[in-house]
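Peer 1: I need the structure of the sequence given here:
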Amino acid sequence: MPYLSEFINEPFSESDNCSNSVSSVLHCALIALETGDFYTRWEAAKTISACGIEATQSGSPEEVINPLLNLLQEDSEEEVSWYIARILGTFGHPLAVQGLTHLLQTSCSVDVAGMAATALANCGAAAIPSLTDLLHQPEMKLLAIRALAQIEHPEVVPILLPLTLDSLPAVRSAAIDALSRFSSSAIQDALFAALQDFDSSVRRSAVGALGFQAQVLTGENNALMDAVIHALKPLLWDLDLEVCCQTALTLGRIGTADAVSELGKVLQSSNTPASLQQAIIRAIGWIGTPEAMACLQQALFNSAILNDESQIEIVTVLGRLKQVELCPTAVQNLLDLLHTQHPISQTSKGKQTIGHSLGQLAAISESNISANQHSNQKQSSEVITALIRLLEDSDAGVQLHVIAALKAFDQDAVNFELVRFSQDTAISANLRKGIGIALAERKRSIE
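Peer 2: Have a look, this model is predicted:
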């Protein structure tokens, strides 16, 4: 193994047979791991792992594990310990589990302890007894829970369930996060109960976990879905704003008509903070159904409650729609903002956002053949005209966004309209100047 031997002070003799013997290769790699720089250690770790695979296949993984454990006892350097923990995690052997457990208990380094916990999780079910024992040590409890959370094995469920009632909020929250990967009536009962926890971090974890449960069971358990939505409704009004935002996100993931309805009610409330309004807007946008579109449209045009930032957030969300069938409606909503001279369409930031969203929607529409091609072409023509008129704004940001958006349309149609406008003697000097900038930019991009 010439690469690793280059990083060892003493050259290997022919009798070492590094390239022909697993034990010699392992010896080279262990020395490189102990004495090399970061890159050398990285390569050595890969070599040792490969030796471990070969040793395991031959039925003697101890030949690799024992030297690693010896090195762990002899070398206290943090980086070496981190690498050894990482390598030991590739084994599911009791010796590896024992060594990792000891390292987790004794290491003063957060990084090393974290890697040891991750490595134990990688050992799978073999590590469950050791991690369960660590739960009885207060200083080890959180790391043990996080490791158990990564072991997707049903044996961890009865271990984690009692921890949802632990005296420490951080432990309760970690246990809930871990249980979200599993589904059972006992878990769901624990999650529903945690929605009433006095600590906001626990409530927030329970909201996310319940949403994941409902999302996984979509179409399979409508009763659970309804129960989750009903239980989450009050948390949209929680005293902790982060809990409210997490609830909005979770309802957005659930994505039913009832979820849209509940989100819409809070969005239209005068008591809803702007940050929660924007979280709700994003959640409704992710749902991407006709009901969700109608909710956003109503909030945008019929509500005096939303501030400019929240209204602009709706415009941004409309531009991110992925559902092709909803794009024409979203485009029309944006055009209506311009045609009705909606307040946000009179600001530079509003114009930039409208232009950008129209360009995004055009890119989606152009890449998908519309069933109603004539209608689609007519709307595209309207959008091109509306975008060109925005060039009248002397703000450089607006002009740049418009020029970028126009690239999403049929270029012959765009060129035709730009030239047609430029030849109109009735247009304003600002619009003529903006069109000139757009034409010059297009010419540069072609060259």
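
Peer 1: From here on, just use CA atoms for contacts and neighbour counts.
Peer 2: Fine.

Peer 1: Break the chain down into its domains, please.
Peer 2: 1-151, 157-306, 318-447 (automatic domain parsing).

Peer 1: Ile312 is nearest to which of those?
Peer 2: Closest to Ile312 of the domains of the chain, according to C-alpha to C-alpha: domain 318-447, at 6.3 Å.

Peer 1: before we move on, back to that, using JSON lines, lay out the domains of the chain together with distance to Ile312, mean pLDDT and mean neighbour count.
Peer 2: Shown next, in JSON lines, are the domains of the chain (distance: least, C-alpha to C-alpha, whole Å; pLDDT from 0 to 100; neighbours: other C-alpha atoms under 10 Å):
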{"stretch": "domain 1-151", "distance to Ile312": "39", "mean pLDDT": "83", "mean neighbour count": "19"}
{"stretch": "domain 157-306", "distance to Ile312": "9", "mean pLDDT": "92", "mean neighbour count": "20"}
{"stretch": "domain 318-447", "distance to Ile312": "6", "mean pLDDT": "88", "mean neighbour count": "17"}
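
Peer 1: any idea how far Ala292 is from Ala363?
Peer 2: 22 Å (C-alpha to C-alpha, to the nearest Å).

Peer 1: Same check on Ser173?
Peer 2: 42 Å.

Peer 1: Likewise for Ile388?
Peer 2: Counting by C-alpha to C-alpha, the gap from Ile388 to Ala363 is 17 Å.

Peer 1: again with His230
Peer 2: According to C-alpha to C-alpha, His230 and Ala363 sit 38 Å apart.

Peer 1: now do Leu224
Peer 2: Using C-alpha to C-alpha, we find Leu224 at a distance of 39 Å from Ala363.

Peer 1: next one: Arg282
Peer 2: 21 Å.

Peer 1: Val324 now?
Peer 2: Taken as C-alpha to C-alpha, the span from Val324 to Ala363 is 10 Å.

Peer 1: where exactly do the helices run in the stretch 1-150 of the chain?
Peer 2: Listed in chain order, the helices of the stretch 1-150 of the chain (DSSP state H, counting those that start in this stretch) span 2-5, 22-35, 38-57, 62-74, 78-88, 94-106, 110-122, 128-134, 141-149.

Peer 1: Distance to Gly211 for those - can I get that in a markdown table?
Peer 2: Listed next are the helices of the stretch 1-150 of the chain as a markdown table, based on distance: least, C-alpha to C-alpha, whole Å:
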| stretch | distance to Gly211 |
| --- | --- |
| helix 2-5 | 50 |
| helix 22-35 | 45 |
| helix 38-57 | 39 |
| helix 62-74 | 42 |
| helix 78-88 | 33 |
| helix 94-106 | 33 |
| helix 110-122 | 25 |
| helix 128-134 | 27 |
| helix 141-149 | 18 |
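
Peer 1: quick one, which of the ones you listed is nearest to Ser270?
Peer 2: Nearest to Ser270, of all these, is helix 141-149, at 40.2 Å by C-alpha to C-alpha.

Peer 1: Remind me what the closest one packs against, helices and strands.
Peer 2: Judged by 3 or more C-alpha pairs under 8 Å, 6 or more residues apart in numbering; DSSP states H and E, the packing partners of helix 141-149 are helix 110-122, helix 128-134, helix 169-179.

Peer 1: residues in contact with the residue most central in space within the chain?
Peer 2: The chain has Leu249 as the residue nearest its centroid, 12.2 Å off, counting by C-alpha atoms, centre = their mean. Residues in contact with Leu249 (C-alpha atoms under 8 Å, 6 or more residues apart in numbering) are 279-280, 282-283.

Peer 1: Quick check: which element contains it?
Peer 2: Using DSSP states H and E, Leu249 sits in helix 241-254.

Peer 1: Send over that helix as PDB, restricted to the C-alpha atoms.
Peer 2: The C-alpha trace of helix 241-254 is given here as PDB (Å, rounded to 0.1, in the frame of the first residue of the first chain):
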ATOM      1  CA  LEU A 241     -45.100  32.300  18.100                       C
ATOM      2  CA  GLU A 242     -42.700  29.500  17.100                       C
ATOM      3  CA  VAL A 243     -45.400  27.000  18.000                       C
ATOM      4  CA  CYS A 244     -47.900  28.900  15.900                       C
ATOM      5  CA  CYS A 245     -45.600  28.900  12.900                       C
ATOM      6  CA  GLN A 246     -44.800  25.200  13.400                       C
ATOM      7  CA  THR A 247     -48.500  24.500  13.500                       C
ATOM      8  CA  ALA A 248     -49.000  26.400  10.200                       C
ATOM      9  CA  LEU A 249     -46.200  24.400   8.600                       C
ATOM     10  CA  THR A 250     -47.700  21.100   9.800                       C
ATOM     11  CA  LEU A 251     -51.200  22.000   8.500                       C
ATOM     12  CA  GLY A 252     -49.600  22.900   5.200                       C
ATOM     13  CA  ARG A 253     -48.100  19.500   5.000                       C
ATOM     14  CA  ILE A 254     -51.400  17.800   5.800                       C
END
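
Peer 1: ok, the closest residue to Ile280 other than its chain neighbours - contacts?
Peer 2: Closest residue in space to Ile280, ignoring its immediate chain neighbours: Ala248 at 5.4 Å, by C-alpha to C-alpha, 6 or more residues apart in numbering. Ala248 is in contact with 236, 263, 279-280, 283, counting by C-alpha under 8 Å, 6+ apart.

Peer 1: How about Ala44, nearest residue that isn't a chain neighbour?
Peer 2: Ala29 (4.9 Å).

Peer 1: Contact partners for the one you found?
Peer 2: 4, 44-45, 47-48.

Peer 1: again, but for Glu152
Peer 2: Arg181.

Peer 1: And what about it, helix, strand or coil?
Peer 2: Here Glu152 is recorded as coil under DSSP: H, G, I helix; E, B strand; the rest coil.

Peer 1: which phi and psi does it have?
Peer 2: Note on Glu152: backbone dihedrals following degrees, to the nearest 10 are phi -80, psi 70.
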